[in-house]
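Enquirer: okay, predicted coordinates and the sequence, questions at the end:
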Amino acid sequence: MRLVSLTLRNYRNYARLTIELQPQLNLFLGQNAQGKTNLLEAIAILALSASPRSRREADLIGPAAPEASVEAVVDGAGRRLELALKVAHGSERTVKTIRVDGVARRAVDLPGEVQATLFWPEDLNLVKGGPEHRRRFLNEMLVQVVKGYGRTLASYRRVLEQRNSLLKRIAGGLEGRGSLPVWDEELAALGSRLVEARAGAVSQLAPLAAANHGAIAAGEPLEIEYSGPPAPLGPALAASLEEDLRRGSTGVGPHRDDLSIRIAGSEARSFASQGQQRTAVVSLKLAESDLIEARCGERPILLLDDVLSELDAPRREALLARVGEGGQVVVTSVEAEPFPAALLERATVRCISGGRVEPCG
Ligand SMILES: Nc1ncnc2c1ncn2[C@@H]1O[C@H](COP(=O)(O)OP(=O)(O)OP(=O)(O)O)[C@@H](O)[C@H]1O
Ligand SMILES: [Mg+2]
């Protein structure tokens, strides 16, 4: 998978930008607040059809309202695609339109066209943060590799909301239990599909994450394990009904899943150092890119935002060796200094300043 060119218009701090990318290593240098993360975010949006950073899509629109656009030409699976995503302030809400080769596409059906794996500093929440960050990691990977996963996830969320409001109405005596089985059956069917996809992905991911982590951290073991309900979900849902009614919400299902992450046998969130946590997250992300390659036959575009901070020299070196093994990589950094000369020679290096990309000088 390869990004050939990218055009941004009125997107965050980019008034207008067109860049071409080389097939391997693209390095963008820039001081703080110049647009490095914004650039990688734009590419990730084309893979996920939504920003991994902002829930409010209006945030993407620059000062020259009413519209922001991200367009790209991509080579993948032996074919070239043109993608265009626009976000506009509407009279009542933000409107997003997506086109693939000029043909309109629903947002839920875009992921899978361009595969990308993004690491950025916020991803440290994968280890440090709550379980929602780990579920999000799994979802962002799975929408790219499992056909229909995004639709199943959206339907699951809708049905869950309906069931929860029904539970509250039953508990409040406003409604009987008669309609509950219909919702339970649907929730169990959709939830089981999500759980199966996640459990399958994590068992494939675990050895890949361990291999990446071992290579970067001098053999230190990393273990990841999926902790979710067993599929099919029906029996667990039935067993929690009385408690669900008391609480007015659904206590079991993939919306409560988690992923346990252990370094050398200890829970990473409580015991790992900053550098160890960062190494674990980077290893998980590299494992994601390995899994995407194994399932789709091509390496995803690897987007690495400020990835070397907090890593010592041996870890940096091992990470960069792993990253340089193949596929297209887009890396951002404040400085060129941590990158070895041999890598800088192979890379196309450009500088970002105030939303403009220029030769470094
Ligand atoms: N919708 C928007 N319109 C205009 N500017 C925006 C918008 N959204 C974000 N920005 C600005 O874009 C600038 C660059 O942000 P970005 O996160 O890309 O910086 P960065 O180069 O990654 O910096 P750092 O090295 O600190 O991570 C910020 O100053 C931010 O305020
Ligand atoms: Mg940044």
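Expert: Okay, I see it. None of the values given here were measured: they were computed from a predicted structure. Ligands and ions are numbered 1, 2, ... in the order given.
Enquirer: doesn't Lys36 make contact with Gly355?
Expert: No. Using C-beta atoms under 8 Å, Gly355 is not in contact with Lys36, being 10.6 Å away. Quick note: C-beta positions are derived from backbone N, CA and C, even for glycine.
Enquirer: who has more neighbours, those two?
Expert: A count of neighbours by other C-beta atoms under 10 Å puts Lys36 above the other of Gly355 and Lys36, at 22 against 19.
Enquirer: that one and Gly354 touch, don't they?
Expert: No. The criterion here is C-beta under 8 Å, and Lys36 misses it with Gly354 at 11.8 Å.
Enquirer: name the helix or strand for whatever residue of the stretch 1-150 of the chain ends up closest to ligand 2, please.
Expert: Nearest residue of the stretch 1-150 of the chain to ligand 2, counting by C-beta to the ion: Thr37, 3.2 Å away. Using DSSP states H and E, Thr37 falls within helix 36-48.
Enquirer: alpha carbons only: can I get that helix in PDB?
Expert: Taking C-alpha atoms only, helix 36-48 is exported to PDB below (Å, rounded to 0.1, in the frame of the first residue of the first chain):
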ATOM      1  CA  LYS A  36       3.400  17.400  11.700                       C
ATOM      2  CA  THR A  37       0.700  15.600  13.600                       C
ATOM      3  CA  ASN A  38      -2.000  17.200  11.400                       C
ATOM      4  CA  LEU A  39      -0.300  15.800   8.300                       C
ATOM      5  CA  LEU A  40      -0.300  12.200   9.600                       C
ATOM      6  CA  GLU A  41      -3.800  12.600  11.000                       C
ATOM      7  CA  ALA A  42      -5.000  13.500   7.400                       C
ATOM      8  CA  ILE A  43      -3.600  10.200   6.100                       C
ATOM      9  CA  ALA A  44      -5.100   8.200   8.900                       C
ATOM     10  CA  ILE A  45      -8.500   9.800   8.200                       C
ATOM     11  CA  LEU A  46      -8.400   8.300   4.700                       C
ATOM     12  CA  ALA A  47      -7.800   4.800   6.200                       C
ATOM     13  CA  LEU A  48     -10.400   5.100   9.000                       C
END
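Enquirer: check which residues of the helix or strand containing Gly275 are buried.
Expert: Using DSSP H and E, Gly275 sits in helix 274-296. Judged by neighbour count (16 or more other C-beta atoms under 10 Å), helix 274-296 contains these buried residues: 276-293, 296.
Enquirer: do stretch 92-100 as well
Expert: For stretch 92-100, by 16+ other C-beta under 10 Å, it's 94, 96, 98, 100.
Enquirer: where do the strands of the stretch 201-350 of the chain begin and end?
Expert: Listed in chain order, the strands of the stretch 201-350 of the chain (DSSP state E, counting those that start in this stretch) span 222-227, 258-263, 266-267, 301-305, 329-333, 348-353.
Enquirer: and the strands in the stretch 51-200 of the chain?
Expert: Going by DSSP E, counting those that start in this stretch, the stretch 51-200 of the chain shows strands at 67-76, 79-89, 94-100, 103-105, 116-119.
Enquirer: need these in TSV with distance to ligand 1 and mean pLDDT, can you?
Expert: Output for those, formatted as TSV (distance: least, C-beta to the nearest ligand atom, whole Å; pLDDT from 0 to 100):
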stretch	distance to ligand 1	mean pLDDT
strand 67-76	8	97
strand 79-89	10	97
strand 94-100	12	97
strand 103-105	24	98
strand 116-119	13	98
